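Student: The following block contains a protein sequence and its predicted model.
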Amino acid sequence: MTSTAREAQTAPSTSSQPLSLRRLPVHVAIIMDGNGRWAQARGLPRLAGHRAGTENLRHIIDASLDFGIKYLTVYAFSTENWARPKDEVEGLMNILEEVIDMEVPRLHEKGVRVRHIGALEGLRPELQRKIRESEALTRENQRMVLGVAFNYGGRAEIVHAVRRILAEGLRPEEVDEARFAQYLYTAGMPDPDLVIRTSGEQRISNFLLWQAAYAEWYFTPVYWPDFDREELRKALEEYSRRERRFGRVPNPKP
Ligand code: FPP
């Protein structure tokens, strides 16, 4: 979709939370940060923060559907997260498995297509199987694509793409930006227009390095479990006020 087509788009209204924006992002990506600090502030174990974050994700998916977002990608487990304590890593793996068991049927009913963004290798076989099955079950769904970045790292993704290109024997002149993007985990998805990071951190943290080249960034101090529908609405409103240039000069005044 061209940037002009995107700019012409307006958010649909919903009965509960009308949104009337000049421009709605087609693809929103979120770094769901601050679960640990949310838990710590309440004297709870870190995993309780991840559980609260998971509950919140459910609400944000529903809000995104209501607001008319077509692609939502969330960063759930990075390649660097393997270095966390064993019980936290184990807990996050269990959460993903539970989310698949409990939520995917519900997402399927709502017309959401689930896509795994990241490497399957390294995940336990049962989890790999469930991820593949969720993707297969929901692949025809059209209402929204939910990208779950799990065992994902932006640099690893680029190296993985280069390896596949070399293995397929492409000639140098056959590789351009569009072709390269087809070898990324996000193949076929538009680039994110808006990337949100919660919890006050202002870093990219190896997330969608290639795809976010022209994304607008929105940082908020709110911890992920507290980032509710109203917070999402604020981010979308802020996005709609930004002028996107894609490296060009501003539009000349008429
Ligand atoms: C960052 O907070 C969050 C994560 C590493 C995990 C995000 C996972 C969820 C929200 C659960 C949803 C999961 C799935 C599988 C769909 P942090 O732990 O780095 O927080 P901190 O910076 O405050 O320590």
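Tutor: Looks like it came in fine. Residues are numbered from 1 along each chain as shown.
Student: Settle this for me: residue 209 is touching residue 158, isn't it.
Tutor: Yes. Proximity of residue 209 to residue 158 meets the contact threshold set by C-beta atoms under 8 Å, at 6.8 Å. Where C-beta positions appear, they are placed from N, C-alpha and C, glycine not excepted.
Student: Check which helix or strand the one residue in the stretch 1-150 of the chain that gets nearest to the ligand maps to.
Tutor: Among the residues of the stretch 1-150 of the chain, residue 36 lies closest to the ligand, at 2.4 Å counting by C-beta to the nearest ligand atom. Taking DSSP states H and E as the definition, residue 36 sits inside helix 35-41.
Student: any low-confidence regions in the stretch 1-150 of the chain?
Tutor: 1-18 (pLDDT under 70).
Student: For it, what lies in contact range of the ligand?
Tutor: Contact residues of the stretch 1-150 of the chain with respect to the ligand, defined by C-beta under 6 Å from any ligand atom, are listed as 32-37, 50, 53-54, 57, 76, 81, 95-96, 99, 148, 150.
Student: quick one: which of those residues sit in strands?
Tutor: Mapping those onto strands (DSSP state E) picks out 76, 148, 150.
Student: Residue 165 - nearest residue in space that isn't next to it in sequence?
Tutor: The shortest distance from residue 165 to any non-neighbouring residue, by C-beta to C-beta, 6 or more residues apart in numbering, is to residue 183 (5.8 Å).
Student: do you know how far that neighbour is from residue 166?
Tutor: Residue 183 sits 10 Å away from residue 166, going by C-beta to C-beta, to the nearest Å.
Student: the more surrounded of these two?
Tutor: In this view residue 183 and residue 166 are compared by other C-beta atoms under 10 Å, and residue 183 has more residues nearby, 18 against 9.
Student: which element is the more buried one on?
Tutor: With the criterion set as DSSP H and E, no secondary-structure element contains residue 183; it sits in neither a helix nor a strand.
Student: Who are the contact partners of it?
Tutor: By C-beta atoms under 8 Å, 6 or more residues apart in numbering, the residues touching residue 183 are 160-162, 164-165.
Student: one more time with 7 Å, if that's ok
Tutor: Contacts for residue 183 (C-beta atoms under 7 Å, 6 or more residues apart in numbering) come out as 161, 164-165.
Student: Nearest to residue 228 among those?
Tutor: Among the contacts of residue 183, residue 161 lies closest to residue 228 (C-beta to C-beta), at 35.6 Å.
Student: Now for that closest one: which residues touch it?
Tutor: With contact set as C-beta under 7 Å, 6+ apart, residue 161 has these partners: 180, 183-184.
Student: Throw those into JSON lines and include pLDDT and distance to the ligand, thanks.
Tutor: As requested, those are arranged in JSON lines below (pLDDT from 0 to 100; distance: C-beta to the nearest ligand atom, whole Å):
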{"residue": "180", "pLDDT": "98", "distance to the ligand": "28"}
{"residue": "183", "pLDDT": "98", "distance to the ligand": "25"}
{"residue": "184", "pLDDT": "98", "distance to the ligand": "20"}
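Student: Would you reformat those residues as CSV and include distance to residue 202?
Tutor: Supplementary listing: the contacts of residue 161 in CSV, determined by distance: C-beta to C-beta, whole Å:
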residue, distance to residue 202
180, 28
183, 30
184, 24
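Student: top of the ones in strands among the residues of the stretch 1-150 of the chain next to the ligand by neighbour count?
Tutor: Counting by other C-beta under 10 Å, top hit in those: residue 76 with 25 neighbours.
Student: That one is in contact with residue 151, isn't it?
Tutor: No. Taking contact to mean C-beta atoms under 7 Å, the distance of 9.1 Å between residue 76 and residue 151 leaves them out of contact.
Student: Helix, strand, or coil at the closest residue to residue 137 other than its chain neighbours?
Tutor: Of all residues not flanking residue 137 in the chain, residue 108 sits nearest, at 5.8 Å (C-beta to C-beta, 6+ apart). Secondary structure state of residue 108, per DSSP: H, G, I helix; E, B strand; the rest coil, is helix.
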